[in-house]
Structures are given as C-alpha cells and as structure tokens.
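Visitor: The sequence and its predicted three-dimensional model are supplied below.
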Amino acid sequence: MTTENDNDRTALFERIKDIRFGMLAHRGDNGLLHAHPLTTLNKDIDAQAQLYFFIPRDGELHQRLAADSQVNVSYANPEEDCYVSVSGAAAFIEDMQRKEELWTPMAKAWFPEGPGDPNLVLLAVNIRHAEYWDVKESKLTQLYKMATAAMTGERPKALGEHREITL
C-alpha cells in the first residue's frame, strides 16, 4: 500500500535525482553557516528518507557535523526552474556494503583506496522537512506574469508549484 509519505518521497526525489551536486550547509564553530558542494549518491530515496554523501573523515565538515548534526541541503536546476531545500540531521554510517553500493569511479579522486579507504565516511542526511518550488510555465509566460504583476502592483500568481513536505 502506498502512503502519503511514499508519494512525498517520490515527488521529492524526482526533483533532485538529476541534480548532481547539493550544497550542504551547516553551522560552523563561530555560529556562521558554511556550505559545501557534495555529490548526492542516491539512486532513489529509501524508506528512511535519507540522502547519502561521501565526506573525508579528516575534514572540517566531519568535525563540524560531529558537533552539530543539523544541516540543510539545497538543490537548484535553473534550466527546469526547480529548486529544493532539504532540512535534516546528519549521521555517519559505517556500513561497508552500503559504501560499496554507492561507490562511483569519481569518488576515487577523493578516496584513492576505494570504498575501504580509512578516510571515507558515509554521511546520511535524515530528511525531516523539505520544500520545493517547481515552475512548469514557459519563460515567456513567466515573464508575462511578472510584468503584469509589476504593472498592477499585485504579486505574480500561479508561477508554479510550491510545496512543503514533512517526513
């Protein structure tokens, strides 16, 4: 039986599956937000609603996430007018089988010893909340609606779908 959460996970992943990089933001030790571009490793979103990334154990990101696990991952696909923001909690997973399943040849540039590289950490972001903006109208229609709104003083209407999801 398909649940609303299943549909929400599917709708969310449909929007990010072809976007290679997400910007993972976290709080630094000075309280300011920092962001890192990371390659999303998922082929789909599992029942746990997690996104997966490889990060270095000896890096600043690992150190900061160990101290404060709250993160945001943002995705943008301007060609398709689709924007996604995901909030959740970061966790480190020591699962060799999962590392091997998610391994890509490009990861070897960062982790030369492969999935067993002692510096490789599998980072899971447990999605708690997501929001997306998805515009289906053509650029010409968007411009017309925005110009009309500018002339009338009213906000543009029906520029696409905006949805919030809690998982």
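Guide: Sure, I can see it. Computed from a predicted model, the values in this text were never measured in an experiment.
Visitor: all strands for the chain, in order.
Guide: For the chain, strands defined by DSSP state E occupy the ranges 21-27, 33-39, 50-56, 70-77, 82-93, 120-134, 161-166.
Visitor: Tell me how many other residues crowd P78.
Guide: 7 (other C-beta atoms under 10 Å). Glycine gets a C-beta too; all of them are placed from N, C-alpha and C.
Visitor: N42 too?
Guide: N42 has 14 nearby residues by other C-beta under 10 Å.
Visitor: before we move on, what about the one 3 residues further on?
Guide: The tally of other residues near I45 (other C-beta under 10 Å) stands at 21.
Visitor: any idea which of the strands of the chain is most buried?
Guide: strand 50-56 (a mean of 21; mean count of other C-beta atoms under 10 Å).
Visitor: how many degrees apart are that strand and strand 21-27 in direction?
Guide: Relative orientation of strand 50-56 versus strand 21-27 (axes from the mean of the first three to the mean of the last three C-alpha atoms, to 10 degrees): 80 degrees.
Visitor: And for strand 50-56, what's in contact with it?
Guide: The contact list for strand 50-56, computed with C-beta atoms under 8 Å, 6 or more residues apart in numbering, reads 22, 24, 38-42, 45, 61-62, 73, 86, 88, 93, 98-99, 102, 107, 110-111, 119-127.
Visitor: ok, now stretch 91-106?
Guide: Residues contacting stretch 91-106 (C-beta under 8 Å, 6+ apart): 39, 41-42, 52, 54, 62, 65-66, 69, 114-116, 120-126.
Visitor: just to revisit the earlier point, distance to D6 and mean pLDDT for the strands of the chain - can I get that in JSON lines?
Guide: Output for these, formatted as JSON lines (distance: least, C-beta to C-beta, whole Å; pLDDT from 0 to 100):
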{"stretch": "strand 21-27", "distance to D6": "22", "mean pLDDT": "97"}
{"stretch": "strand 33-39", "distance to D6": "25", "mean pLDDT": "96"}
{"stretch": "strand 50-56", "distance to D6": "15", "mean pLDDT": "97"}
{"stretch": "strand 70-77", "distance to D6": "20", "mean pLDDT": "97"}
{"stretch": "strand 82-93", "distance to D6": "17", "mean pLDDT": "96"}
{"stretch": "strand 120-134", "distance to D6": "13", "mean pLDDT": "95"}
{"stretch": "strand 161-166", "distance to D6": "12", "mean pLDDT": "72"}
